[in-house]
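Asker: okay, predicted coordinates and the sequence, questions at the end:
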Amino acid sequence: MTLILGLETSCDETAAAVVDEQLSVHSNVVATQFDLHERYAGVVPEIASRAHVEKLMPVVTEALTQAGVGTHELTAIAVGHRPGLVGSLIVGVAAAKALAWSLNVPLIGVDHVEAHLSAAALGDGPDLAYPALGLVVSGGHTSLYRLTDAQTLERLGSTMDDAIGEAFDKAAVILGLGYPGGPRIDTLSKTGDASRFNLPRPTLDQHSLDFSFSGLKTALLYAVRGHPVGRGKSASFQRDHVDHDAQTIADFAASFQAAAVDVVIEKLERALHLTAETQDAHGLTPWESPPQSLIFGGGVSANTLLRERVQAFADENALACHLPAMDYCIDNAAMIAGHAHRLLANGETHGLELPVIATTRA
């Protein structure tokens, strides 16, 4: 049996997992840092890095214990080395290098975004069908991809300002819901009226596959607080979230979520039907052969409404829909180890000079 220990420290989850060559997950341990960052309503890089130093080895030990394997049984060590917060990545990569060197096993660097696009195959997940249309939605990424296979990606569009996860977190702050915002807006939206507030659906020009959520976030801010009076430090708002009743806050949450999801579905529709006209506008080539599936990943892929709409979109367009299990939506190490098995099968390993890189390869 080929067993890979995966490590993940790209942002504020400290994770370790053991996965075999059949992509069966023997353990998947994730330590979150929500309590450390909640007061700041967002991730503080320095705090995240220090927490990884404290938590990583206990998490690795727990992952090995749950898997029932010793370090001598490991075939390779995999680590997410890009993209992410550089300070956080350094912790995981340094630990992976030390483990690989001490155990005399291969080191495999994994692109975090590419791993999200393999997460749906983990555990009891199906074999992923290619060519595919890929969608990654998270706190740092909102991107569309054309996938020829698991390692061959072409980015079709990405975020121009806030990624969708960031937008959800900032919307939650506006509504007084706290951090992390995505799950709280998702839960509250179930009791809200999504049609009450007509928030904008920013889709840029008619052919663009890029995303912009800053205008939607600002529209929510003005709807909740009113337009600011004055400028600069002296500016003030007419009201705040505390001036609205609970039902109104739920309606705001539902309206915001519906608008954000509508934007994603519109971009999927455009990406699926790439044409010569699109090529002329943005330099993107039409599909050589129709995509067979839609592969979905990232923390926001746990959002209830988005999962429902993506599944419906796939069904309407006769695409196999590959959604990750809920445990593999958030940043986790099982997806790192699982994707590393694909790389190892292709003979792709790395030396101790493996760099930490803030941006994605894809």
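Answerer: Alright, I've got the coordinates.
Asker: what comes up buried for stretch 79-87?
Answerer: For stretch 79-87, burial by neighbour count (16 or more other CB atoms under 10 Å) applies to Val79, Gly80, His81, Arg82, Pro83, Gly84, Leu85, Gly87. Any C-beta I mention is one placed from the backbone N, CA and C, and that applies to glycine too.
Asker: just checking, what packs against the helix or strand containing the last one?
Answerer: In this case it means Gly87. Element membership of Gly87 [criterion: DSSP states H and E] is helix 86-103. Helices and strands touching helix 86-103, by 3 or more CB pairs under 8 Å, 6 or more residues apart in numbering; DSSP states H and E, are strand 3-8, helix 45-67, strand 76-82, strand 107-111.
Asker: alpha carbons only: can I get the helix or strand just after the shortest one in PDB?
Answerer: Counting by DSSP H and E, the next helix or strand C-terminal to strand 107-111 is helix 112-116. Only the C-alpha atoms of helix 112-116 are listed here, as PDB (Å, rounded to 0.1, in the frame of the first residue of the first chain):
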ATOM      1  CA  HIS A 112      -3.400  24.200  -3.100                       C
ATOM      2  CA  VAL A 113      -5.800  25.300  -5.900                       C
ATOM      3  CA  GLU A 114      -5.100  22.200  -8.000                       C
ATOM      4  CA  ALA A 115      -5.700  20.100  -4.900                       C
ATOM      5  CA  HIS A 116      -9.200  21.700  -4.400                       C
END
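Asker: list the contacts of helix 112-116.
Answerer: 8, 10, 80, 82-84, 136, 138, 141, 143, 150-151, 153, 297-298, 324, 331, 335-336, 338-339, 360-362 (CB atoms under 8 Å, 6 or more residues apart in numbering).
Asker: thinking again about what came up before, the helices and strands packed on helix 86-103: which one's closest to Ser255?
Answerer: Ser255 lies closest, by CB to CB, to one member of the helices and strands packed on helix 86-103: helix 45-67, at 31.6 Å.
Asker: coming back round to it: among the contacts of helix 112-116, which are in helices?
Answerer: Using DSSP state H to define helices, the subset of the contacts of helix 112-116 located there is Met335, Ile336, Gly338, His339.
Asker: need the max-distance pair from those.
Answerer: Using CB to CB, the ones in helices among the contacts of helix 112-116 span at most 7.3 Å, a distance reached by Ile336 and Gly338.
Asker: list residues touching both of the two?
Answerer: In contact with both Ile336 and Gly338: Gly6, Ala115, using CB under 8 Å, 6+ apart.
Asker: between the two, who's got more neighbours?
Answerer: Ile336 (36 against 30; other CB atoms under 10 Å).
Asker: which ones are touching that one?
Answerer: By CB under 8 Å, 6+ apart, Ile336 lies in contact with Gly6, Leu7, Glu8, Ala15, Ala17, Ala78, Val79, Gly80, Val110, His112, Ala115.
Asker: I'd like the average pLDDT over stretch 308-323.
Answerer: The average of the pLDDT scores along stretch 308-323 is 97.
Asker: let's number from 38 now, not from 1
Answerer: Happy to do that; since the first residue is 38 now, the last one works out to stretch 345-360.
Asker: good, we can wrap up now.
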